[in-house]
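Peer 1: Any chance you can model this:
(one chain, ligands or ions: 1)
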Amino acid sequence: MVDESSSEQTGTSAQPTDLAVVPTVVKARAPDKMAGDKIQCDACPVLCQISEGRLGACDRWGNVGGVLQRMDPVVIMKRPGVELVPASTADWDGRWVREDAPVFVSGVASGTTYPDYKPAPFIVASRQRGVDMVTVVTEGIFSYCSFKVKIDTDRYLGPEQATVRHQGEAVGHVTTIEYGSQFLSLGGVHHLTGGSKREGRITCELMEKLGNQQAVDLEIEGGAKLTVQAGKPPVVNGVEEQRMRVGCGSATIGIFAKQWFGHVDEVVVVDDHITGVLSEHQAGRCLDMLPSGIRLRGRKSTPGRYFQVANPGTGWGGTDIVDPLSIIEGWDPKVARPGLRLLMVSTTGEHAQWFELDQSLVPRPAPMPAVIDKVVQRIGENCEPALATVLFLGGAGGSLRAGVTENPILLTRSIKDLLTRVTCGGAPAYIWPGGGITVMVDVTRMPANSFGSVPTPAIVAPIEFTLKLADYQRLGGHMDRVRRLEDVWSSDPHQIAEWISDNPWPLESLR
Ligand code: SF4
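Peer 2: Numbers count the residues shown, from 1 in each chain. Below you'll find the model as predicted:
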């Protein structure tokens, strides 16, 4: 339990601990040569010397009347559906001690402590379902971090491993193609620290913008020009992507075979990776379809599934073709027959054409029957809207932990044991298995402008650790720095942000 009497007197709820005497945290000695009207910011390794009325290099801290100040007030998020103060404020004693916490102090604009052994800027006690909880809140400085970008498109963006550039600098690379999406890895310590000074700066600027859900322009070597923004459709070579494909060519055959059956003699679903041919495919075989005699270019994988029918591109099904017939090598005259009905369609249904074989077994364009057109429309209907998704990936398993506890491995273990919940600006963070505290979070679930940067260069991102107060004490937390939520609310400048509705409330226990 939090000791209520002590907080009344001191504004904090510092508790006696069984830890050794905690040394006083002192401000770093100002450099001898620093002008008298300046103050030194010690919130990151840059150690800016800031004149009165000016900001430091990151624009986050300033000298206000000779006092170092975090320029944006900390973001406190309001639990949905709660009143922040009782209906009658006259009766309010300024406490929420006996209630479930109605607000959550986020790491956004909470400030940073450097060097890392200093306790985190906010260590906040509150209650949830009768249990004393604590949330350790900070803005982490991440040198080891990147953004993983998922771009829903089957258009060719560039070769795997190709360099991705922003303002001419290498900022990342193309990674694997997944089902209907192309992934990019942007940022990371290699580009932040391993190249030229400009490369590090441009990478850092790009990462901050991506995290803050702004649009960024990218160029892939040997590939496309892109505009990417979290939660928005990607723009590929100036064209806004609309549809995420329903599946690969083979999957599209599998989904729609029955709906085509009886109305068509052959269907080819054109796809850069796996082009499907209905009559040969298991889906067609199960429907007792007759062979059509079609001969397709590319490499046959398994019946009705062809690889490499064309080069990758931005045409039909992520290939470079504009004429679908160009992937047909010919027809077996012993099997094919005049009048044979052929549908060629892409994996999004955006491209579709109907043909009938003439007397010489040459496909001739013809009007598409309504019953076939309906299925083509249904392919489109089954495509989800194409989006760019941006996930922040950061390593919090380093010195940042010292701001939480004097014995950092215990924090790591308590996260793995599901005793501590990790959030970033209140958004749930996925913790990668294995060593360290490698967090991954969807930036659209975080408050606006959650990310900052410092010119080391590194990214600043909010992070919060929430656990039971008793567990915090057990893992060697900075108990002398625990403050009540009401104290933060009443004495610290703050801005209120609405809770992002899909996010679970972080104070609910993990198990
Ligand atoms: S870059 Fe920002 S955080 Fe770092 S010392 Fe300068 S003002 Fe402080």
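Peer 1: what is the residue of the stretch 351-500 of the chain found nearest the ligand paired to in the beta sheet?
Peer 2: Distance from the ligand to each residue of the stretch 351-500 of the chain (CB to the nearest ligand atom) is smallest for Val454, at 4.3 Å. Every C-beta, even on glycine, is put in place using the N, C-alpha and C of the backbone. Beta bridges link Val454 to Ala458, judged by DSSP bridges.
Peer 1: What is the burial count for Thr175?
Peer 2: Here the count is done by other CB atoms under 10 Å, and Thr175 has 16 residues near it.
Peer 1: how far out from the middle of the chain is whichever strand or helix holds Ser490?
Peer 2: Assessed by DSSP states H and E, Ser490 sits inside helix 485-491. The chain centre lies 31 Å from the centre of helix 485-491; the measure is CA atoms, centre = their mean, to the nearest Å.
Peer 1: next helix or strand past that helix?
Peer 2: In the C-terminal direction from helix 485-491 (assignment by DSSP H and E), the next one is strand 494-498.
Peer 1: hmm, back to that, list the residues that contact the residue of the stretch 351-500 of the chain closest to the ligand.
Peer 2: When contacts are counted by CB atoms under 8 Å, 6 or more residues apart in numbering, Val454 touches Cys44, Pro45, Val46, Ala57, Cys58, Arg60, Ile141, Val460.
Peer 1: So which of those residues are in strands?
Peer 2: If you go by DSSP state E, the contacts of Val454 have Ile141, Val460 in strands.
Peer 1: Test my guess that Gln49 contacts Gln40.
Peer 2: Yes. Counting by CB atoms under 8 Å, Gln40 is a contact partner of Gln49 at 5.3 Å.
Peer 1: What score does the closest residue to the ligand within the stretch 1-150 of the chain have for pLDDT?
Peer 2: Taking CB to the nearest ligand atom, the ligand has its nearest neighbour within the stretch 1-150 of the chain at Gly56, 2.0 Å off. Model confidence at Gly56, given as pLDDT, is 94.
Peer 1: And for it, the neighbour number?
Peer 2: Other residues near Gly56 number 23, with proximity taken as other CB under 10 Å.
Peer 1: Skip the chain neighbours and tell me the closest residue to it.
Peer 2: The shortest distance from Gly56 to any non-neighbouring residue, by CB to CB, 6 or more residues apart in numbering, is to Cys48 (3.7 Å).
Peer 1: Test my guess that that neighbour contacts Gln40.
Peer 2: Yes. In this structure Cys48 lies within contact range of Gln40 using CB under 8 Å: 7.1 Å.
Peer 1: Between the two, point out the one with more neighbours.
Peer 2: Here Cys48 and Gln40 are set side by side on neighbour count (other CB under 10 Å), and the busier one is Cys48, at 22 against 17.
Peer 1: Now for Gln49 and Gln40: what residues contact both?
Peer 2: Contact criterion CB under 8 Å, 6+ apart; residues bridging Gln49 and Gln40 by contacting each: Pro31, Met34.
Peer 1: now for the helix or strand where Leu184 lies, which elements pack on it?
Peer 2: Taking DSSP H and E as the definition, Leu184 sits inside strand 181-187. Counting by 3 or more CB pairs under 8 Å, 6 or more residues apart in numbering; DSSP states H and E, the packing neighbours recorded for strand 181-187 are strand 145-152, strand 169-178, helix 197-211.
Peer 1: Give me the contact list for stretch 186-198.
Peer 2: Residues outside stretch 186-198 that contact it (CB under 8 Å, 6+ apart) are 143-149, 164, 169-172, 199-200, 203-204, 206-207, 210, 218, 457-459.
Peer 1: One more pass at 7 Å, please.
Peer 2: For stretch 186-198, the external contacting residues (CB atoms under 7 Å, 6 or more residues apart in numbering) are 143-147, 149, 164, 169-172, 199-200, 203-204, 206-207, 210, 457-458.
Peer 1: now stretch 388-402
Peer 2: Around stretch 388-402, the neighbours that count as contacts under CB under 7 Å, 6+ apart are 116-117, 138, 140, 142, 144-151, 210-211, 228-230, 232, 234, 408, 411-412, 424, 436-443, 461, 463.
Peer 1: Contact partners for the residue of the stretch 151-300 of the chain found nearest the ligand?
Peer 2: Relative to the ligand, the nearest point of the stretch 151-300 of the chain is Cys204 (11.7 Å; CB to the nearest ligand atom). For Cys204, the residues meeting the contact criterion (CB under 7 Å, 6+ apart) are Leu192, Ser453, Pro457, Ile459.
Peer 1: and what of Leu55?
Peer 2: Listed by CB under 7 Å, 6+ apart, the contact set of Leu55 reads Trp61, Gly62, Met71.
Peer 1: so the residue of the stretch 1-150 of the chain closest to the ligand makes contact with Ile50?
Peer 2: Yes. With contact defined as CB atoms under 7 Å, Gly56 counts as touching Ile50 (5.1 Å).
Peer 1: Quick check: neighbours shared by the two?
Peer 2: Taking CB under 7 Å, 6+ apart as the contact definition, Gly56 and Ile50 share the neighbouring residues Cys41, Gly62.
Peer 1: What are the structural domain limits within the protein?
Peer 2: If you go by automatic domain parsing, the domain ranges for the chain are 4-33+76-141+396-498, 34-71, 145-244, 249-381.
Peer 1: At the contact with the ligand, which residues of the chain appear?
Peer 2: 41, 43-44, 46-48, 56-58, 60-61, 454-455 (CB under 6 Å from any ligand atom).
Peer 1: Let me know the closest of the residues you listed to Ile496.
Peer 2: Within those, distances to Ile496 taken as CB to CB reach their minimum at Arg60, with 19.7 Å.
Peer 1: that older thread, type out the ChimeraX command that picks the buried ones from the contacts of stretch 388-402.
Peer 2: Buried members of the contacts of stretch 388-402, defined by 16 or more other CB atoms under 10 Å, are picked up in ChimeraX with:
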select :116,138,140,142,144,145,146,147,148,149,150,151,210,211,228,229,230,232,234,408,411,412,424,437,438,439,441,442,443,461,463
